[in-house]
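> Here is my input; please provide its structure:
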Amino acid sequence: MSSPQGREPTVTLLPETVRRIDGIAARAQSTGRVPSLALAVVRDRAVLHFAGAGEQPRPDPKTQYRLGSITKTITATLVMQLRDEGFFALDDLLYRHLPGTPIGGVTLRQLLGHVSGLQREPDGPWWERNPGGDVDRLLAELTYEKLAGPPYRRYRYSNLAYGLLGAVLERVTGMGWAELAGKRLLDPLGMKRTTYAPVEPYARGYVVQHALGGALHEEPRPDTGAMAPAGQLWSTVTDMAKWAAFLADPAPAVLARETVDEMCTPVAISDLESWTAGHGLGPQLYRVGERVYAGHGGSMPGYVAHLAVHRRSRMGVIVFANAYGLDGTSIKDVGLAALTATLDSEPTPVPAWRPPAAPEGEAAEICGRWWWMGREYSLLPDGDALVMTGPNHHTRFAREAPDRWRGLSGDNEGEILRILRDPDGTAERLDIATFRYSRAPSHLA
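Numbers count the residues shown, from 1 in each chain. Take a look at the predicted model:
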């Protein structure tokens, strides 16, 4: 996925930023008491800086760690791809695609956003540490009691929900989840080191037995079967840089930007007191100060992981550790601290100004100054679009038909701009969602 034309080239980080990132990684590995920790700051598919700490194994950008629930962002993207292709609607009830299920009254949208009311885990032994069964077994073990509460009453994180989404993907396509992920996402994005099972070199995962002097107990690495869509995949920092780039700046051949924007729109706030964490249609959302990051955390026995992206700057961070948790902190806090430190330290790239092409036709006719309620607004060209700016206002419009433009982004996103003409055909007013703009400041309606 190449950067759009006109982008500034990726640059390296400032030395002071590098020192801060190295310090965050070293402290996290040491105080967290994990065998190894890999941390990378990424932008536009590139690893800007890699910081590794620990010796078991010595971290490397191409060493695999287990992603855990970061896998859910892959599953969610497959769901949105198939939705866009007409396989189903997000508001379809589950029974439409998995007939006979006792919990068929929840929707695909609710499952994606963890607001279905489903409990966290399926029946049987802990799926993360045991070989999983197939989809038929997963569905056979479902009972009505799996609904722990009504949909949308509250945010309730559910691994089971993503197992069921994987079952839907399999039923509507006739293809297994792993094959779908490979053909539709991993291969097109060049993520060759993101695999269903570990491929050497990979980090062994451990429980650190602190009561026994820090002895390491190696954890099993089972095939989770029907629950694979919730947490099976393995990957590297280098490959996850490509996935971070996709979430920040989607490859249109894989998924439309508008659809990824939809995925990153909050469905639920998961901490109702502080409003610093939420969930979209797949990605988790985190507020740190005035910034919002999109991504996901992950854990499997012996592993924790985190990915976060600041979409506006296209900057991201990936953190892996091969232990089941860090002492005194979390992998999420380590990742968000590193990303925030980078954004605070690095200057924002300033793109060169280029004069726009002269507007033609209808665009040329309506460019210039307009007034509403005595306030001045400007309508100026921006590529094939027009941008209206004014007091606390910014909207980008694209032409849909003669005398009709659609808001693409900003205050009037989705709204229609209509050109109102006088009897001789001159553009006299602009009507934007019933707000009428005139060429003269004295006209108030």
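> check contacts around Lys257.
Quick fix: residue 257 is Arg, not Lys. Arg257 makes contact with 249-250, according to C-beta atoms under 8 Å, 6 or more residues apart in numbering. Every C-beta, even on glycine, is put in place using the N, C-alpha and C of the backbone.
> Give me the below-cutoff pLDDT ranges for the stretch 101-250 of the chain.
124-128, 210-213 (pLDDT under 70).
> Wait, Val34 touches Phe320, no?
No: with contacts counted by C-beta atoms under 8 Å, Val34 stays clear of Phe320, the gap being 9.7 Å.
> more crowded one of the two?
More neighbours surround Phe320 than the other of Val34 and Phe320, with 32 against 25 (other C-beta atoms under 10 Å).
> need the contact list for the closest residue to the more buried one other than its chain neighbours.
Spatial nearest neighbour of Phe320, excluding adjacent residues (C-beta to C-beta, 6 or more residues apart in numbering): Tyr65 at 3.7 Å. By C-beta under 8 Å, 6+ apart, the residues touching Tyr65 are 38, 202-203, 205, 234-236, 303, 305, 320-322.
> Just the helices from the stretch 101-250 of the chain, written as ranges.
Here the stretch 101-250 of the chain has its helices, by DSSP state H, counting those that start in this stretch, at 108-113, 135-140, 159-173, 177-181, 228-231, 237-248.
> Quick one: closest of those to Pro150.
helix 108-113 (10.3 Å; C-beta to C-beta).
> what does that closest one contact?
76, 79, 83, 88-92, 94, 116-118, 151-152, 158, 161-162, 164-165, 168, 267-268, 279-282.
> Stretch 426-440 too?
365-366, 368-372, 377, 379, 395, 407, 412, 415-422, 445.
> and the residues you listed, which are buried?
366, 370-372, 377, 379, 395, 407, 412, 415, 417, 419 (16 or more other C-beta atoms under 10 Å).
> Thr395 is in what secondary structure piece?
strand 393-401 (DSSP states H and E).
> Return the list of helices and strands in contact with that strand.
strand 385-390, strand 404-410 (3 or more C-beta pairs under 8 Å, 6 or more residues apart in numbering; DSSP states H and E).
> Can you give the strand pairings for the shortest one, parallel or anti for each?
This points to strand 385-390. strand 375-382 (antiparallel), strand 393-401 (antiparallel) (DSSP bridges).
> residues in contact with Gly68?
So Gly68 contacts 231, 297-300, 303-305 (C-beta under 8 Å, 6+ apart).
> Buried ones among those?
Counted by 16+ other C-beta under 10 Å, those give 231, 297-300, 303-305 as buried.
> Narrow the residues you listed to those in strands?
Judged by DSSP state E, the buried ones among the contacts of Gly68 include 297-300, 303-305 as members of strands.
> Now do the strands in the stretch 151-300 of the chain.
206-209, 215-218, 234-235, 268-269, 277-279, 284-288, 291-300 (DSSP state E, counting those that start in this stretch).
> Please identify the most buried of the ones you listed.
Stretch with highest mean neighbour count among the strands of the stretch 151-300 of the chain: strand 234-235 (a mean of 24; mean count of other C-beta atoms under 10 Å).
> Return the list of helices and strands in contact with it.
strand 65-66.
> Mind splitting this structure into its structural domains?
Segmentation of the chain into domains, based on automatic domain parsing, reads 7-352, 361-438.
> winner for burial among these?
Of the domains of the chain, domain 7-352 is the most buried (mean count of other C-beta under 10 Å), at a mean of 19.
> So for Glu55, which of the strands paired with strand 385-390 sits nearest?
Across the strands paired with strand 385-390, closest to Glu55 is strand 393-401 (C-beta to C-beta), at 51.5 Å.
> how about the closest one as CSV, C-alpha atoms only?
Output of strand 393-401 as CSV, limited to C-alpha atoms (Å, rounded to 0.1, in the frame of the first residue of the first chain):
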residue,chain,number,x,y,z
HIS,A,393,-17.3,25.8,10.2
HIS,A,394,-15.4,23.5,7.7
THR,A,395,-17.1,21.3,5.2
ARG,A,396,-15.8,19.6,2.1
PHE,A,397,-18.4,19.1,-0.7
ALA,A,398,-18.3,17.0,-3.9
ARG,A,399,-20.7,17.4,-6.9
GLU,A,400,-23.4,14.7,-7.2
ALA,A,401,-25.5,16.2,-10.0
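> could you give the angle of it to strand 404-410?
140 degrees (axes from the mean of the first three to the mean of the last three C-alpha atoms, to 10 degrees).
> so how far is strand 393-401 off the chain centroid?
26 Å (C-alpha atoms, centre = their mean, to the nearest Å).
> what comes into contact with it?
In contact with strand 393-401 (C-beta under 8 Å, 6+ apart) are residues 362-363, 377, 382, 384-388, 405-413, 415-417, 432.
> one more time with 6 Å
Applying C-beta atoms under 6 Å, 6 or more residues apart in numbering, the contact partners of strand 393-401 are 385-388, 405-412, 417.
> Please name the bridge partners of the residue nearest to Phe320.
Ser235.
> so Ala364 sits in a helix?
Yes: applying DSSP: H, G, I helix; E, B strand; the rest coil, one finds Ala364 inside a helix.
> who touches it in this structure?
Counting by C-beta under 6 Å, 6+ apart, Ala364 has no contacts.
> still on that earlier bit, tell me the one among the buried ones among the contacts of Gly68 nearest to Pro220.
Nearest member of the buried ones among the contacts of Gly68 to Pro220, counting by C-beta to C-beta, is Met300, at 9.9 Å.
> who wins for proximity to Ala256 among the strands paired with strand 385-390?
strand 393-401 (14.8 Å).
> Contacts for the one helix or strand Leu82 maps to, please.
Element membership of Leu82, judged by DSSP H and E, is helix 71-84. The contact list for helix 71-84 (C-beta under 6 Å, 6+ apart) reads 90, 112, 162, 165, 169, 180-181, 229, 231-233, 255, 259, 282-283, 296.
> Could you list the alpha-carbon positions for that helix in PDB?
Extracted as PDB, the C-alpha positions of helix 71-84 are listed here (Å, rounded to 0.1, in the frame of the first residue of the first chain):
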ATOM      1  CA  THR A  71      -6.900 -10.900  15.800                       C
ATOM      2  CA  LYS A  72     -10.400  -9.600  16.400                       C
ATOM      3  CA  THR A  73      -9.600  -6.500  14.200                       C
ATOM      4  CA  ILE A  74      -8.800  -9.000  11.300                       C
ATOM      5  CA  THR A  75     -12.100 -10.700  11.900                       C
ATOM      6  CA  ALA A  76     -14.000  -7.400  12.100                       C
ATOM      7  CA  THR A  77     -12.400  -6.300   8.800                       C
ATOM      8  CA  LEU A  78     -13.600  -9.500   7.100                       C
ATOM      9  CA  VAL A  79     -17.100  -8.900   8.300                       C
ATOM     10  CA  MET A  80     -17.100  -5.300   7.000                       C
ATOM     11  CA  GLN A  81     -15.700  -6.400   3.600                       C
ATOM     12  CA  LEU A  82     -18.500  -9.000   3.200                       C
ATOM     13  CA  ARG A  83     -21.100  -6.400   4.300                       C
ATOM     14  CA  ASP A  84     -19.800  -4.000   1.700                       C
END
